[in-house]
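In: Kindly return the folded structure for what I paste below:
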Amino acid sequence: MEDKALNLDTPRFSSELRSLRCEQSLLNKTDGSASFFQGNTHMIAAAYGPAEVRSNKELIDKATLEVVFRPKVGSPGCAEKLLERVIRNSCEPVVLTSRHPRSSLTIVVQLVQDSGSLLSCAINAACMAMIDAGFPMKCLVCAVSCALSESGDIQLDPSLEQEKEACAVMTFAFDSANKNVMTSSTTGSFTIQEYDRCLEACRSAATKLIDFFRRSVERKLSKDAKFMDINIA
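Out: The predicted structure follows:
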């Protein structure tokens with residue numbers, strides 16, 4: 001599904017998100033998968049499980065949620081390990097891990113293209129893959145990034161160039177139920193007041209993302225239903 005309000009990284013107002021595109025169930029040999037675009041930033045996520053877990057990671061009362069982040073080229077390093085931790089901390093609170101004790105749920109996120117707002121795109125791709133895999137979830141999780149300029153202006157869903165010019169970049173992950181903050185990740189310098197302004201700007205934009213998630217899932221279910229009707233006929 002594509003949100004055609006804006007095309008990729010075209011000029012836009014600071015309060016607008018870039019175009020959103022999502023496709024689910026695109027990978028074989030996975031329990032769920034999703035390709036997610038925010039402008040030209042592109043992530044592919046795969047979800048697996050519940051599956052057998054290694055004994056040293058087994059939890060008797062819930063499933064172990066593991067996240068792997070793969071860079072575009074080369075092997076994962078310290079930066080990727082940090083991304084894995086933030087993605088896991090963003091997704092784990094919305095997953096009903098108690099439904100599958102002594103098992104593992106795994107999310108693999110592959111970077112295809114980084115044109116800014118990398119972390120938020122990765123979290124959003126992970127959420128759509130979890131939905132596709134049928135992970136038990138109490139609600140959805142979505143993430144929004146923003147860039148803060150020296151003059152105090154806020155640019156939502158910044159491109160890579162906008163991030164480089166900013167004095168601070170922030171990413172917030174929210175649950176879909178109450179827009180509570182799951183995680184926040186920041187770089188650069190800012191005041192408490194500027195942090196609060198960025199938080200509220202991203203929280204407001206999260207509503208648009210959640211609506212997009214729901215429309216994407218509804219469209220996929222509609223296509224699946226039509227495909228089943230054709231096969232039955």
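
In: use CA for all of it now, contacts and neighbours both
Out: Will do.

In: can you give me the strands in the protein?
Out: 2-3, 20-24, 32-38, 41-52, 64-70, 103-113, 141-148, 154-156, 168-175, 181-188 (DSSP state E).

In: ok, and what's touching the fourth one?
Out: What that stands for is strand 41-52. 27, 30-37, 63, 100, 102-118, 121-122, 125-126, 129-130, 133, 135 (Cα atoms under 8 Å, 6 or more residues apart in numbering).

In: that older thread, deepest of the strands of the chain, which one?
Out: strand 141-148 (a mean of 30; mean count of other Cα atoms under 10 Å).

In: average pLDDT for stretch 109-129?
Out: Mean pLDDT, stretch 109-129: 98.

In: how many neighbours does residue 195 have?
Out: Neighbours of residue 195 under the rule other Cα atoms under 10 Å: 16.

In: right, so of the strands of the chain, which gets closest to residue 87?
Out: strand 64-70 (7.2 Å; Cα to Cα).

In: Would you convert the strands of the chain into CSV that also reports distance to residue 221?
Out: Formatted as CSV, the strands of the chain follow (distance: least, Cα to Cα, whole Å):
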stretch, distance to residue 221
strand 2-3, 15
strand 20-24, 10
strand 32-38, 14
strand 41-52, 18
strand 64-70, 26
strand 103-113, 22
strand 141-148, 20
strand 154-156, 30
strand 168-175, 22
strand 181-188, 28
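
In: for the protein, what helix or strand is lowest in average pLDDT?
Out: Least confident helix or strand, the chain: strand 2-3 with a mean of 52, by mean pLDDT, DSSP states H and E.

In: show me where pLDDT drops low in this structure?
Out: For the chain, applying pLDDT under 70 flags the ranges 1-12, 226-233.

In: try 90 this time
Out: 1-15, 53-58, 220-233 (pLDDT under 90).

In: max-length helix in it?
Out: Longest helix in the chain by number of residues (criterion: DSSP state H): helix 192-232.

In: Which strands or helices does that one pack on?
Out: Contacts defined by 3 or more Cα pairs under 8 Å, 6 or more residues apart in numbering; DSSP states H and E place helix 192-232 against strand 20-24, strand 141-148, strand 154-156, strand 168-175.

In: neighbouring strands for the shortest one, and are they parallel or not?
Out: Meaning strand 154-156. strand 141-148 (antiparallel) (DSSP bridges).

In: ok, and what's touching the strand it pairs with?
Out: 90-91, 94, 117, 119-121, 123-124, 127, 154-158, 162-163, 166-176, 198, 202-203, 205-206, 209-210.

In: Noted, bye for now.
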